[in-house]
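Colleague: predicted model and sequence follow; I will ask about them next.
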Amino acid sequence: MKTKKVLSPEDWISAGFRALKERGAQGLNVEALARQLGVSKGSFYWHFKNAAALKAAMLDYWVEHATSSMIVGARNANQNPADQLRWLVAAIYKTTPNPMVSSDVDENTIRNLSRFDEQVYKTVQHVDALRLEFLENLFSQGSPHGASGRNKAVILYASFIGLEQLATTEKIGASHNLPKLLELLLAKDL
């Protein structure tokens, strides 16, 4: 007797991220995802109303695991703002124990999709605002003069996004460059 494969919503979300990366928005097709996972479409509909509901769950996952949980992790890691920033940069490149984001989530793919999808665009804007606010607060707290950390936050965040994009087309070690940039930003007042 053949046992039925039981999938969780997270299994479908991971499959959705893989399909999105491999085939773009058209990869979020229920039938194709079910075939990829070796199950019936009924398994999908047990968890999600339709492909739009899966996309919404994927975006929620990204916000929670690639932003909200990372902020909580940085706050819990250390009281010192500079060390929180160091922890965050290390966590981004999974050099800390227990990375919080599935390797199926590809930030570049989400950002590319935001160019064509209003729901994704709004989510990316929300994530950018959350991340920049957190970085700005840490840089401001760490400044000896209490200077605004906005410039440093924007430089670090823009560098993260740019290095991630370049890493897909060039052999650039983003995981080595961002920590170096962070140390320069921590040492200088802008």
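Modeller: Alright, I've got the coordinates.

Colleague: could you count how many residues lie near the residue nearest to Asp83 when sequence neighbours are not counted?
Modeller: Residue nearest to Asp83 in three dimensions, not counting chain neighbours: Ala77, with 7.0 Å by C-beta to C-beta, 6 or more residues apart in numbering. The C-beta positions use only the backbone N, C-alpha and C, and glycine is treated the same way. By the criterion of other C-beta atoms under 10 Å, Ala77 has 16 neighbours.

Colleague: please apply the same query to Ile13.
Modeller: Count around Ile13 with other C-beta under 10 Å applied: 23.

Colleague: can you give the distance of whichever strand or helix holds it from its chain's centre?
Modeller: Using DSSP states H and E, Ile13 sits within helix 9-23. Here helix 9-23 is found 14 Å from its chain centre; the criterion is C-alpha atoms, centre = their mean, to the nearest Å.

Colleague: mind listing what's buried in the helix or strand where Glu31 lies?
Modeller: Applying DSSP H and E as the criterion places Glu31 in helix 30-37. Within helix 30-37, the residues scored as buried using 16 or more other C-beta atoms under 10 Å are 30, 33-34, 37.

Colleague: is it possible to export these to TSV including pLDDT and distance to Val89?
Modeller: Listed next are these as TSV, based on pLDDT from 0 to 100; distance: C-beta to C-beta, whole Å:
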residue	pLDDT	distance to Val89
Val30	95	38
Leu33	95	34
Ala34	95	38
Leu37	94	34
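
Colleague: which residues touch Arg18?
Modeller: Residues in contact with Arg18 (C-beta atoms under 8 Å, 6 or more residues apart in numbering) are 36, 104.

Colleague: what's the pLDDT at it?
Modeller: pLDDT recorded at Arg18 is 94.

Colleague: and Thr169, by the same measure?
Modeller: 66.

Colleague: same question for Gly162.
Modeller: pLDDT at Gly162 comes out at 88.

Colleague: also Leu166?
Modeller: 79.

Colleague: distance of it from Lys180?
Modeller: 15 Å (C-beta to C-beta, to the nearest Å).

Colleague: tell me which of these two has more neighbours.
Modeller: Neighbour comparison, Leu166 and Lys180: the larger count goes to Leu166, with 13 against 10 (by other C-beta under 10 Å).

Colleague: low pLDDT regions in this structure?
Modeller: Applying pLDDT under 70 to the chain flags the ranges 1-4, 94-103, 144-147, 168-175, 190.

Colleague: how about the helices in it?
Modeller: 9-23, 30-37, 41-47, 51-63, 69-77, 81-92, 107-113, 118-142, 150-169, 174-187 (DSSP state H).

Colleague: what's the most buried one of those helices?
Modeller: Ranked by mean neighbour count, those are led by helix 81-92 with a mean of 20 (mean count of other C-beta atoms under 10 Å).

Colleague: what sits up against that one?
Modeller: With C-beta under 8 Å, 6+ apart, helix 81-92 has contacts from 70, 73-75, 77-78, 96, 99-100, 135, 137-139, 141-142, 156, 160, 178-179, 182, 186.
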